[in-house]
Every structure is written in structure tokens, then in C-alpha cells.
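S.K.: okay, sequence plus prediction incoming.
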Amino acid sequence: MNQLSIHQAFDRRQILMVGASGFLGKIWLAMVLERIPDVGRIFLLLRKNGRGQVTDRLESMFNHSYVFKPLHERFGPKLAEYLATRVEVIEGNITQPDLGIEDSVATKLRENLDLVINCAGLVDFNPDLRDAISVNVDGTKHVADFTNSCAHASMLHVSTCYVVGKRDGKIEETLDYTTSPNGKPFDPQKEYVEIRTRMAKILETENDPAVIEERRKVFLEKHQDKKAKPSPKRMEKTLEIWKRKHLRDQMVAEGMTRAAELGWQNTYTYVKALAEGLIAHPWGKEGRYTIFRPAIVESSMAYPFPGWNEGFNTSGPLAYLLKTWFRYLPAKTGNPFDIVPVDLVGQGLIIAAAALLEGKHFPVYQCGTSHLNCFTIDRACELTSLSHRQYYRKHGKNFVERNLLSRWETVAAPADHFFSVTNLKRIMNWAKNGLDRLFSYIRPRNRAWLRTKGMVDRATRKLTKVEDLLKLFLPFTHDHRHVFQTKALRDHELAEPEFTFSPESIDWRKYWLEIHMPGLRRWCFPAIEGKEKEMYKPTYPVRWKSFQPESRRSQPTPYPHPQPRPKEIH
Amino acid sequence: MTAMTQKAALFRAEGVLFDQSALSFVSFLSLNSPGFWERIPRFGSALLVAPLAPLFSRAEVSSALAYLPLRGLTRDRIDSLAEEYFEEYLKPKFLPQAGGLLRQAAKRNESIVILSELLGPVVEHVVSHAVEVARVEVDAWYARDLEYLRDRATGQILSSPTGRPYARSWLKTWAADQRVDLEQSSAFGAYKADIPLLTSVGNPCAVNPSFRLRQAAREEDWKISFYR
């Protein structure tokens, strides 16, 4: 067991956080600011949004996100004063070399930084490959290069447990970038060149004059019979839109194809694995970095309060689907569904960061629950259904919801179940073809036929959306059985037991029914339904001017700016 | 020999605290199984088994039959639906005068103990409600527990302290462990099956008694109370 003091590790340290505005980044930041006041300075790398200043983003983050509610409640009007001594915003962009940071600022950071945490990433399972490579791969490389140029900083890179790909069984905390998940030889450097080449080819095809001409012909044919001919300007605009859409579709498909070829579940896990491999090679011997791999990060257990969540996480869309008339979820009984509450992940990230700062770190930290407190997909399915049942019985809008939909439970079923979505689509198509033939014999096509056809078309479109969603989740609910070993986080004997990572403390029934599902209903389902996000409204909002060094009050502050710690090189 | 220092008031929940529900918890769970195609055979077997189970004199056999329809249901489902069953079927049948009995027992400084043949997850809600309504503290409660294997019910009951033939022997052991003087204690029952319980204490009371219990109460000159 190696002994570690969190407070000692963070004392007067200078930390650059990339991705602080994300789900995990925010909670780590809030936890550190509240529980580790001895931290020196946290620099937040933020990208400008449109025309606004980067400081507007910072204000918005602190004033609108519920994750900072405990800080607001604790410090009240003095929060700005406290933050001024601990937080500094840096304008930058990870997709650019040197993180897009202004030279003078970068020079100062290079001298003083102790730690760089890369929490930034695109978390879509099947994004445009250009975005995925730019943010998740190039971004990570830029962070690594920047850290490498620092005098004495280390790097903590947040990845995902699912870089393991389509492998099954016990997954140890190791780094192995020599083979892909399906056993093919794998060289991250060569793979990077290969994927770039493929992307360039797609771009070349889209810009081919023959392809452009073909599209133009299609456009003109479509408008041939119309009275008003479109103007050349409109035609060019439409062709540009078609090109962008087609290019995006190609890039999305290419990412998924390449991932499947090598044995990863989707583009996200493939690019995250590629990024890990690219930074590991130059750094491996020096030991100045560590990889942190969380599993499926979901609603908080306790911090900032039970059930806090944000955006579309993994279980949100599935839980939303289960509250409809959808019946058979393709899920293999007994397969772990490795959910881990975000505040536990935040704690794990604090431990890993402290270990790295003290030079006591392990190369990889996996942060999940399947090893120490396994939660299975069939259990998640049943608890979700039970939660919806309780909800509809109390809050159902009508008789159907209260008495029928509440009892219409989704069950875990094999992927090839007779009533699977794919089979239902086939049934719909047969029904449609059958009706078509029937109406052509009985009477000419009329309103009844059109109405029925419309209903069947709508149902088929919905089923297609559901089918696409389920395909993305199938590797996690059905196809693979992973148990992510979580030893490294537990191997540190912490001087402060309140930071201990203890997934065995989770009572899954209580967490799912009383914390997570209500959290999804409050934070995630409105986002899926396109409703306005619930914003926190603090009594004493933080204003940027309070952060400016020149406007700090001359009288002594209860939160003195900590002096930088002497340089230590591990 | 250690002196018995406490007095207890033992309440059989069924018939005393609430009017027995027409739909048993087993039937309720059967009707609310996860799969539609499961509901029919489970409920069907619950209906078949209900009249058969009491015919067996050995409690293990009758229990084994009575809970077979629950085989394979998860602990999550049983515990979660217990609350719904209580809210929908038992809470409306809670007898308000039972609160008075509980308060009187508390005033006499008797430890309040609730016994039930229902499953533990349901009795937990019964006890919480009794505490809320009567504003008393319940010192202990005993109910039936299902046997689980990997969090799924096997359809068997774990040996129950409140099972009918065992009531008297269990009660003596329990009283010795808790240092309860049964002679000074009271018990409240509603059915013939509660006779062993009522004969074990010094102050028995037949509450809303069934015909057989009323007969027995008259013969033994026990107190009889009606408030249903």
C-alpha cells in the first residue's frame, strides 16, 4: 500500500485543467475548490464561444451550473473573492498547437505548472470523424506536447474504460498498444497516418468535379417540372448543403467502419484508444503521466447533491426509451452495466492527480464498479421499469399512463427476440405492402389508405430511430461482458479517508430508484425533449471583475493567494 | 434465574391493525410480474394454491406451496412492489381504532411488538404507517422472509418464528431472550390461528375475532373487542 495525503499533494500546486466546462471537469473543480482549499492555482483553459469573451463562459459556468451550488452556499458573497485567489481563466483551444494559448501566458505556465489534467473530449459514440480526431486525438497530443514543454509538469489524461474494445472478461489496469482488440497488430503512429489518409481520400472524392457535376444534374432534375426555376445562387447554396451533409455522413460511417475493423465498439472508443497510444509512446519511460479511465459516468450520489446530472449520458437515452411502449431491450442477463456516480469519479480523479503530483502514481487508473460492486444490465432494466411504474402511477397524465403504460414494463431479451425492433420493422413493411396491394384491388387509393399509410410510415421512422439507438448501445448491453479491475485507486492508503474511492458503498436499488432516475427526469429527459435547461440562480452571482487582480480589495482577505510551491521533479 | 423485567404487547397485524386484504401479496406480485406471459401462469398458480395450502397441517408444506408462484422474481421487484401493495391494498384497510390500542399499550409501558404472516418488505410499511398513525414506537416486528438465491426468490420461505404451530415455543424463547414477563404481557389476535399466541400471555384480547376465535375467547373468558 502506498501512503498518500491529498492535502499535502495539492498544497500550493499549480494545475492546468483542460475541459473544466464538461460534466466530469466541473465536478472535479467544484470538489477541489471546496474540499482542498490549500490548492495553489487552477488555470482553466476555455475556448471562446462565438463573439463572447472567455470570461463570460467562466461566469456562466459558475453562476448557472448547479454543481457549484455548495460553493455558493458556503461562501455566499465572498465566493468571488475566494475564486480570485484560486482560479484563473486562460483563453485557448486544444485543437491548436500550444493549446492556442498566447505566448506570454504560455511561457509563465510552462515555468510554474505542476500538473495538466486533460478532461476535454467529444463524447458522442458516432461523431463526424474529423471532429473526433481533432478533439480527442489531436487535442490530446497538443496537451501532451504542451505538458512536455513545461519545466516540471505531469499529465493526467482522462480516457475511458471502453478503450478495451470488443474484448471480454476481466480487464486489468494495463497499457498495451501493440494489438487491437480483435488481435490485429496495432501501431498507434501508423494508425494515425492511416486514418488521416482515409479522411483525405473522402475529402478528395467530395471535391471531385465529376461528383459535383453529378449532384448538379440531380438538383436540376428535381426542379425540372417546377414553374419557378431556382436561381444559380440558390442552387450553389443547396449543393453546398448536400455536399456538407454527404461529407459528414461519410465521415461518420468511416469512423464506425474503422472502429469495427479493428475491434472497437464505436468511433469514440477507437479514437480514445488511439489518443492513449499516441501519448504513451513518447512518455512511457519518463513516467510523467497517468491515464484515468472512468466507466459509465452517471448521476451523483451525494455531491453536489444526490441525482445531479447533465446532458445526454449513456443511461439517459435508454431510460427514456424504456418509459415508452418499447418492450424488449436487447440485453444479456448477467452482463455488468458499469455505472459509476460522477462524484465518485471526481474523487477517483482527485486521488489519481494527488498520486501523480507526489510521484506515487500507477500508469493506469480504472474507475468503475463492476469489479467491487457489480450492477448488471438486466437489473438496471428492471429497476428502470419499476421506477417508471412508480412515476406513472403517481404522475401519469391520464388513465392510459396511470394504469396501462405503468404496467407495460420493458424486459431484457436476446437481441434476436421475435419482437425485436428489427423484426417489428419487417412486420411494418409487410403490413404496408399488404395494405398497398389490398387497396389497389378493393378500391382506388383514398383518404383511408393515405391515413393508414401515413401511420405506418411514421411508425417505421420511429422504429428506425430506435433501431439506430439500440445498435449504438448493443456492445454495452448485450455483446460484451467486461469487468474492469479497480485496484490502483484502492492501493493508495489515504491520509484523508473521506476521499476514499468506495463503490461497494452503493446500494444499487436505492441509488437507481431514489437518486439516479429522479436525476434523469430532472436533468436529462428535458434535454432529450428539447426543453429549456434548468439553470441555477445564485443569490450572489460571481462577476468577472472580481477575478481581476487589479480590482482585488487592498484589505486583507481570508483567502490569501498561496505562494507557489518549490519545484520538484520526479 | 434472571428476573423478567419487561412487559410486552404483541399485536398480530392481520385482523387487528388492518382488515385482511382480499388480494394476497402473492397474487399481487404474480399479476405484476415483468413479462405478460409470466403473469398468467403465476397468477393462475397463485389462485390454485391458495385453497390448497391450508389443507396441509405442516407449515413447511403449506408455505412451500403458497409462495411457489414467486419463484424467480427478483428481490428488487418484491421489495419495490411491497410499497405499492401496501399503499393500494393495506393502507385503505388500516383500522383507525388500532391506533388507540397501540397508544394504550404504550401508556402501560409495554414494549410494542408486531407479528405478521406477510412478507417482511410489506410489514415494514405496515409498521411505519402504524408508528405514524398511532405516534408510538414499535420495539420489534416479525414477519416472513423469502429465501433468495442470487437475489431471485426460490419460492421457499425461510423458517418463520410466527408460523402457526411454532408460535408458542417461539414466544417462550423470545420472551426469555428479551426478558419479557409473558404473564404481565398482553396479546391481540383475530383468528383461530392466534390461539397459541393468546394462551401464552396473561392478558389476551380477541380483536374483531373470527367465529372460532370468538368461541375460544368465550370459553377462556378472554377480553373481546370489536371495532371493524
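M.R.: Arrived safely.
S.K.: next one: phi and psi at A:S299?
M.R.: With angles defined as degrees, to the nearest 10, A:S299 shows backbone torsions of phi -50, psi 150.
S.K.: same question, B:A140
M.R.: Geometry field for B:A140 lists phi and psi as phi -160, psi 150, criterion degrees, to the nearest 10.
S.K.: and for B:A130?
M.R.: When quoted as degrees, to the nearest 10, the phi and psi of B:A130 stand at phi -60, psi -40.
S.K.: check contacts around it.
M.R.: Applying C-beta atoms under 8 Å, 6 or more residues apart in numbering or on different chains, one finds that B:A130 lies in contact with B:L17, B:F94, B:A98, B:G99, B:L102, B:I114, B:V136, B:V138. In short, each C-beta sits where N, CA and C put it, glycine included.
S.K.: most neighbours out of these, which is it?
M.R.: For these, neighbours were counted using other C-beta atoms under 10 Å in any protein chain shown, and B:L17 has the most, 28 neighbours in all.
S.K.: tally of neighbours for A:S5?
M.R.: Counted with other C-beta under 10 Å, the burial measure for A:S5 works out to 16 neighbours.
S.K.: again, but for A:D457
M.R.: A total of 12 residues lie near A:D457 under the criterion other C-beta under 10 Å.
S.K.: and for A:T384?
M.R.: Under the criterion other C-beta under 10 Å, the count of neighbours that A:T384 has is 25.
S.K.: and the next helix or strand past the worst-scoring helix or strand of chain A on mean pLDDT?
M.R.: Ranked by mean pLDDT, DSSP states H and E, the helix or strand of chain A with the weakest confidence is helix A:421-442, at a mean of 81. On the C-terminal side of helix A:421-442, the nearest following helix or strand under DSSP states H and E is helix A:447-474.
S.K.: how far does that following helix sit from its chain's centre?
M.R.: 28 Å (C-alpha atoms, centre = their mean, to the nearest Å).
S.K.: report the buried residues of it.
M.R.: Along helix A:447-474, the positions that meet the burial threshold by neighbour count (16 or more other C-beta atoms under 10 Å in any protein chain shown) are A:W449, A:T452, A:V456, A:L463, A:V466, A:L469, A:L470, A:K471, A:L472, A:F473, A:L474.
S.K.: tell me what that helix is packed against?
M.R.: Contact analysis of helix A:447-474 by 3 or more C-beta pairs under 8 Å, 6 or more residues apart in numbering or on different chains; DSSP states H and E lists helix A:315-322, strand A:328-330, helix A:421-442 as its packing neighbours.
S.K.: quick one: list the elements packing against the helix or strand just after the second one.
M.R.: This points to strand A:328-330. Next along the chain after strand A:328-330, taking DSSP H and E as the criterion, comes strand A:339-341. Secondary structure elements in contact with strand A:339-341, counted by 3+ C-beta pairs under 8 Å, 6+ apart, are strand A:296-298.
S.K.: and the helices and strands packed on helix A:447-474: which comes nearest B:N32?
M.R.: With C-beta to C-beta as the criterion, B:N32 lies closest to helix A:315-322 of the helices and strands packed on helix A:447-474, at 16.5 Å.
S.K.: got the angle for the closest one vs helix A:447-474?
M.R.: Taking axes from the mean of the first three to the mean of the last three C-alpha atoms, to 10 degrees, one finds that helix A:315-322 is oriented at 150 degrees with respect to helix A:447-474.
S.K.: now helix A:315-322: buried residues?
M.R.: When burial is assessed from 16+ other C-beta under 10 Å, helix A:315-322 yields the following buried residues: A:S315, A:G316, A:P317, A:L318, A:A319, A:Y320, A:L321, A:L322.
S.K.: which strands or helices does the longest helix along chain B pack on?
M.R.: The helix of greatest length in chain B, counted in residues with DSSP state H as the criterion, is given as helix B:36-52. Using 3+ C-beta pairs under 8 Å, 6+ apart, the elements in contact with helix B:36-52 are helix B:25-31, helix B:59-66.
S.K.: in terms of mean pLDDT, which of those helices ranks lowest?
M.R.: Within those, confidence is poorest for helix B:59-66, with a mean of 67 (mean pLDDT).
S.K.: quick revisit: distance to chain B added to the helices and strands packed on helix A:447-474, as JSON lines?
M.R.: As requested, those are arranged in JSON lines below (distance: least, C-beta to the nearest C-beta, whole Å):
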{"stretch": "helix A:315-322", "distance to chain B": "12"}
{"stretch": "strand A:328-330", "distance to chain B": "10"}
{"stretch": "helix A:421-442", "distance to chain B": "16"}
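S.K.: by mean pLDDT, which helix or strand of chain B comes out lowest?
M.R.: Least-confident helix or strand in chain B using mean pLDDT, DSSP H and E: helix B:59-66, a mean of 67.
S.K.: if I look at the residue of the stretch 251-400 of chain A found nearest chain B, how far off is A:I339?
M.R.: The stretch 251-400 of chain A approaches chain B most closely through A:L386 (4.7 Å), counting by C-beta to the nearest C-beta. Relative to A:I339, A:L386 is positioned 16 Å away (C-beta to C-beta, to the nearest Å).
S.K.: pretty sure B:R214 contacts B:I195?
M.R.: No: counting by C-beta atoms under 8 Å, B:I195 is not a contact partner of B:R214; they are 11.5 Å apart.
S.K.: so for those two, which residue has more residues nearby?
M.R.: Comparing B:R214 with B:I195 by neighbour count (other C-beta under 10 Å), the higher total belongs to B:I195, at 21 against 16.
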